[in-house]
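>>> Build me a model:
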Amino acid sequence: MSESNRLTLPIAQLARDNDEFRKVLWTGDESQLVLMAIPEGEEIGGEVHEGHDQLLYFVAGEGRAKIGDTEMDVAAGDVSIVPSGHYHNFRNTGEGMLKLYTTYSPPEHEPGTEHATRADAER
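Residues are numbered from 1 along each chain as shown. Modelled structure (predicted):
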């Protein structure tokens, strides 16, 4: 799927329908919109984005967020804010996929990036 050129999207439904680990939907000069799906028992993987703020909006499933030294449960309807330079990881602790959409400011991934699995993303 190529990136969308539409400027209004049914984002929560697109995120619920997505089964890919990462799918970049739209990239602008200053921000980026990405879908993510984390399988049962798996995680995004611990990381730090220098120079990038990230917001993660959860639409389905249950998980555990670690941002800096703080850990908390997350579920549909929650948003996690990851300021630039903070360690973070998100783990699926529920049944079924943990589904979300996320924004990066500025963009983090190449426009049009798609990774079916975390292993694909790490290659």
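
>>> What is the subsequent helix or strand relative to the lengthiest helix in the chain?
In the chain, assigned by DSSP state H, the helix with the most residues is helix 11-17. If you walk from helix 11-17 toward the C-terminus, the next helix or strand you reach (DSSP states H and E) is strand 22-27.

>>> ok, how many other residues are close to residue 89?
15 (other C-beta atoms under 10 Å). To be clear about C-beta, it is placed using only N, CA and C from the backbone, and glycine gets the same treatment.

>>> same question but for residue 99, I mixed them up
By other C-beta under 10 Å, 24 other residues sit near residue 99.

>>> helix or strand for it, which one?
Secondary structure (DSSP H and E) places residue 99 in strand 98-105.

>>> Could I get the contacting residues of the residue nearest to residue 55 when sequence neighbours are not counted?
Distance criterion C-beta to C-beta, 6 or more residues apart in numbering; nearest residue to residue 55, sequence neighbours excluded, is residue 103 at 5.0 Å. Contact analysis of residue 103 by C-beta atoms under 8 Å, 6 or more residues apart in numbering lists 31, 32, 33, 34, 54, 55.

>>> Cool, thanks, talk later.
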